[in-house]
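*Asks:* coords below, sequence missing:
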């Protein structure tokens, strides 16, 4: 048995199931993004994210059915060409993949941070740190905001 087989894994899929994926191990981070781009893309007031190293994310079915949209060079948003269901976003500058928490329903999402909170349209009082934009190591100010 390979070392990767011992890591926890979670299955996910698009809305129709044409594209399926597996995430393996532990995420590099997870939380909520409040930026306008994530809100618009997710069609919701906030986006629950899970960040993974690229080698922890494997498309197991329907790779040829994945579409890509790049609003900026920082993000390659991936979606199913059949149903339009959103799957994940590749962030090459950070060497991370954001697999939307809703895509992997059995994964125990536990937010560690809110990012881009200065743009929120849904204030959340949950005791989790609220970043004005992004952490410094990701090119943000690193400034936290009150709930």
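*Replies:* Received the coordinates, thanks. Because the structure is a prediction, the values reported are computed rather than measured.

*Asks:* Any regions of this structure where pLDDT drops low?
*Replies:* Along the chain, the model assigns pLDDT under 70 to residues 1-5.

*Asks:* Show me where it has its strands.
*Replies:* Ranges of strands in the chain, per DSSP state E, are 9-13, 20-24, 29-33, 47-52, 57-61, 66-72, 75-80, 86-91, 96-100, 113-115, 130-131, 144-145.

*Asks:* who wins for proximity to residue 106 among those?
*Replies:* strand 9-13 (5.4 Å; C-beta to C-beta). No exception for glycine: its C-beta is placed from N, CA and C like everyone else's.

*Asks:* Just want the angle from that closest one to strand 96-100.
*Replies:* Strand 9-13 runs at 60 degrees relative to strand 96-100, counting by axes from the mean of the first three to the mean of the last three C-alpha atoms, to 10 degrees.

*Asks:* other SSEs contacting strand 9-13?
*Replies:* Secondary-structure packing of strand 9-13 (3 or more C-beta pairs under 8 Å, 6 or more residues apart in numbering; DSSP states H and E): strand 20-24.
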